[in-house]
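Novice: my questions are about this predicted structure, shown below with the sequence.
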Amino acid sequence: MNLNDSICSPNFYSDTGFNVVLNWLKENCLCPLNEHYFTHLSPNFDIESIKDSQLHTDEFLSAFQRNNPLPLDVIPDISIWLTSLEISGFQLNPENFQQLYYIITLSTRMKKFLTKKKFPLWNIHGSNLISTKSGQSRIEKVFNDSFEIKDDASPELKQLFRSISNTEDNIKKTMQHIFLRAKEKNWLGGDQIVLRNGRSALPLKSSHKRKVKGIVQDQSATGQTTFVEPLEIIELNNQLSDLQFKIIEEKKRILQELTAFFYPMSSEIQESFNILKFIDQHFTIAKLSFHIKAIQPELNNKGQLNIKKAINPLFTLVGKNAVALNLELKDEKILLLSGPNAGGKTVVLKSLGLYALMAQCGLFIPAQMIQLPLFTQFMSDIGDGQSIENDLSTFSAHIQNLDVILKSAHENSLILLDELGTGTDPDAGSALSQTILESLLQQNSTVLATTHLGSLKAWAADEKGILNGGMIFDSDAMIPTYELIIGTPGASYALEIARRIGLSDNIINRSKELMGDGSVHLENILSDLEKERLTVDSLKKELHLRQKKLDKAEKETYEKENDIQKIYKKAKSSAAREAEEIILSARKEAENLIAEIRKSQASSKSIQKTKKQLKQTLNQLRNQGKDAESESMLLSKIDAVKGVTVYIPKLNSRGNIIQSPDKQNKVRVEANGITLILKLSELQPEV
């Protein structure tokens with residue numbers, strides 16, 4: 001297949017698992033027509049259009065997160081008959097009206113919901129939904145809950161049903177009378193009146209069929225019973241048939257009239273149906289996003305690729321846990337992944353392809369943060385391409401696919417290559433793989449490739465634009481961790497895994513000899529690097545935990561010191577208030593004393609003397625209060641510790657203590673970039 005005019009290679013959807021995501025969307029949408037929409041969902045190449053779609057979905061996702069999702073329900077497919085509604089004389093049937101009723105009531109409900117302030121983007125769509133109380137009432141008047149036409153849907157129909165009831169009563173009474181008479185004379189071949197050809201008849205023994213005058217309507221399979229319509233009720237049955245025909249005609253008339261009522265609304269109904277279908281598309285995507293705990297991805301035209309703690313949604317959809325993926329490409333365009341078998345290389349490959357497709361289809365991705373370039377082509381060579389029908393080996397199938405990729409790749413291509421260089425001689429495979437990657441690098445394509453070839457890893461380490469990546473392997477437990485490390489290739493651990501499984505030491509040792517010193521040395525270096533990195537990571541985590549504990553302890557200490565300072569200031573302030581109260585109390589006593597002296601008619605001179613003494617006492621008390629208040633503003637030696645911010649009154653400035661007080665209660669303070677030596681008495685606590 002030639003891919004020049006194609007945006008995806010034939011198996012890209014299935015290679016990445018995107019078809020699984022599409023199946024989930026198809027199964028969970030509420031409008032049958034959207035099954036077709038999701039089946040053919042394809043990447044969008046307009047960033048602004050994608051962003052607009054994402055924002056519409058995000059409003060619905062927010063509603064899920066508020067635990068107040070849209071009151072959306074099943075949306076019947078009315079497209080089959082909707083266009084015919086505009087044709088004069090067309091008549092809707094009860095099933096059509098049931099679907100129309102659902103559309104009208106759902107539109108009314110959604111209109112009310114979407115015109116709220118929390119849905120600014122959907123407001124205009126909601127306001128365009130049809131809301132017709134008269135139309136809803138007309139349908140409710142004609143149909144019951146099972147959407148059968150009511151007996152009283154029109155005055156004419158009501159009268160016809162009444163006439164039928166009366167006629168049926170007359171037929172029943174007349175037939176009962178004839179039945180009893182025939183029973184007495186032993187003419188009957190059955191024990192009850194029956195209906196034959198829609199008419200009431202007597203089951204007479206064939207030997208007595210002429211005993212009752214009338215019309216033979218039927219005969220039993222054995223021929224022993226003949227069903228006769230008595231002459232007395234023929235006219236009544238004719239009347240009944242006529243009434244039943246009139247009921248059919250009246251029901252047609254009612255349906256025709258009701259159809260005509262909605263004829264002028266056909267365009268509004270069409271628009272509402274399209275809006276509901278559009279709502280369902282974004283509602284289904286929001287439902288998936290909520291289910292897999294996804295966020296809105298950021299797309300760019302700058303080639304930026306940065307993924308933090310992303311989870312492949314395929315694991316979530318089947319209820320499995322997965323290791324988060326962290327991946328960033330800056331100046332590099334190619335990432336060469338290596339590591340042990342079943343270590344997660346192919347999962348990383350497929351995950352990136354899946355994220356890119358989902359993002360450009362307007363879907364959200366489960367991650368802490370994700371930035372992706374905008375791609376215009378998606379190509380992959382994953383899995384065994386062997387074909388019996390086309391007489392292709394695995395290697396030939398890969399080469400055929402790679403040839404198509406190389407001829408069509410460009411700077412906006414995303415290319416996924418699994419097990420590059422396998423299926424042939426390792427030396428030839430390595431050389432071929434290097435050439436392929438060089439070609440893709442020249443075309444500036446974004447490439448993720450996996451390999452086990454050591455020479456390819458070594459080449460990539462020195463090649464600009466290519467980055468090695470390795471899957472972490474716990475060599476002690478001999479199990480993969482499924483974590484990706486960027487910048488270092490992964491060791492294969494083939495011999496170690498073989499030893500653990502039970503292969504004899506003789507085989508393992510001989511294999512090492514055959515590998516040669518260079519290959520063994522490279523594997524050992526990679527293994528040692530991985531162990532050292534794991535040790536460093538463990539130490540970093542331990543240091544991080546210690547730092548968190550220290551930060552917490554420092555914060556608690558600061559808060560306690562702050563509390564003590566507040567208590568200290570409060571106590572000083574309280575002392576000042578008490579002193580003021582003492583002054584006021586003393587003044588009052590002095591006034592009382594003067595009053596008593598005057599009463600006792602003391603001399604003017606003695607009164608003046610007493611006043612002077614009292615004034616001195618009051619001044620002393622007042623000064624004590626001021627001293628207490630002043631003292632409350634002084635910085636104590638306990639408070640003056642390194643790092644504390646203080647206020648310098650004479651400079652009207654703040655500064656930081658950089659050295660604790662000496663024996664003379666002097667401290668070094670840095671203020672406005674200048675170091676000062678000041679006395680504690682010259683400083684005040686920062687207010």
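Specialist: Yep, that arrived. Numbers count the residues shown, from 1 in each chain.

Novice: mind listing what residue 422 touches?
Specialist: Contact criterion C-beta atoms under 8 Å, 6 or more residues apart in numbering gives 395, 398, 429, 452 as the residues in contact with residue 422. In this view, the C-beta of every residue, glycine as well, is placed from N, C-alpha and C.

Novice: tell me the one of the residues you listed nearest residue 263?
Specialist: Using C-beta to C-beta, residue 398 comes nearest to residue 263 of these, at 61.8 Å.

Novice: am I right that the closest one falls within a strand?
Specialist: No: the assignment for residue 398 (DSSP: H, G, I helix; E, B strand; the rest coil) gives helix, which keeps it out of a strand.

Novice: low pLDDT regions in the stretch 401-550 of the chain?
Specialist: Residues of the stretch 401-550 of the chain that meet the criterion pLDDT under 70 lie in 473-482, 490-502, 508-509, 511-538.

Novice: returning to what we had before: now, the contacts of residue 422 that are in helices?
Specialist: Among the contacts of residue 422, the members falling in helices are 395, 398, 429 (criterion: DSSP state H).

Novice: list the contacts for the first one?
Specialist: Shown here is residue 395, whose contacts under the criterion C-beta under 8 Å, 6+ apart are 422, 423, 424.

Novice: need those in JSON lines (columns: secondary structure and distance to residue 662).
Specialist: Written out in JSON lines, the entries for the contacts of residue 395 read as follows (DSSP: H, G, I helix; E, B strand; the rest coil; distance: C-beta to C-beta, whole Å):
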{"residue": "422", "secondary structure": "coil", "distance to residue 662": "76"}
{"residue": "423", "secondary structure": "coil", "distance to residue 662": "81"}
{"residue": "424", "secondary structure": "coil", "distance to residue 662": "81"}
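
Novice: return the closest of those with respect to residue 483.
Specialist: The closest of the contacts of residue 395, once distances to residue 483 are taken by C-beta to C-beta, is residue 422, at 23.8 Å.

Novice: from residue 90, how far off is the closest one?
Specialist: Plainly put, residue 422 is 64 Å away from residue 90 if you go by C-beta to C-beta, to the nearest Å.

Novice: just the buried residues of the contacts of residue 422.
Specialist: For the contacts of residue 422, burial is judged from neighbour counts taken by 16 or more other C-beta atoms under 10 Å, and it is met by 395, 398, 429, 452.

Novice: which one among these gets closest to residue 339?
Specialist: Of those, the one sitting nearest to residue 339 (C-beta to C-beta) turns out to be residue 452, at 8.7 Å.

Novice: pretty sure the closest one contacts residue 340?
Specialist: No: under the criterion of C-beta atoms under 8 Å, residue 452 makes no contact with residue 340, lying 9.0 Å away.

Novice: contact partners for the one residue sitting closest to the centre of the chain?
Specialist: Relative to the mean C-alpha position of the chain, the nearest C-alpha, by C-alpha atoms, centre = their mean, is the one of residue 289, at 2.3 Å. The contact partners of residue 289, by C-beta under 8 Å, 6+ apart, come to 57, 61, 64, 363, 364.

Novice: could you do residue 280 as well?
Specialist: Contact analysis of residue 280 by C-beta under 8 Å, 6+ apart lists 29, 30, 31, 34, 72, 75.

Novice: quick one, phi psi at the nearest residue to it once chain neighbours are set aside?
Specialist: Among residues not flanking residue 280 along the chain, residue 31 sits closest, at 4.5 Å (C-beta to C-beta, 6 or more residues apart in numbering). Note on residue 31: backbone dihedrals following degrees, to the nearest 10 are phi -110, psi 120.

Novice: number of nearby residues for residue 31?
Specialist: Other residues near residue 31 come to 23 when the count uses other C-beta atoms under 10 Å.

Novice: from memory it sits against residue 78, does it?
Specialist: No: shown here, residue 31 and residue 78 do not form a contact pair, counting by C-beta under 8 Å, at 10.2 Å.

Novice: any idea whether the residue nearest to the centre of the chain is helix, strand or coil?
Specialist: Local secondary structure at residue 289 is given as helix here, using three-state DSSP.

Novice: next one: residue 467
Specialist: Residue 467 falls in the strand class when you classify it by three-state DSSP.

Novice: and this structure, what are its domains?
Specialist: Here the domain parsing of the chain from automatic domain parsing is 12-151+259-291, 155-254, 298-492, 636-687.

Novice: which stretches of the stretch 1-150 of the chain aren't confidently modelled?
Specialist: Across the stretch 1-150 of the chain, residues meeting the criterion (pLDDT under 70) sit at 1-6.
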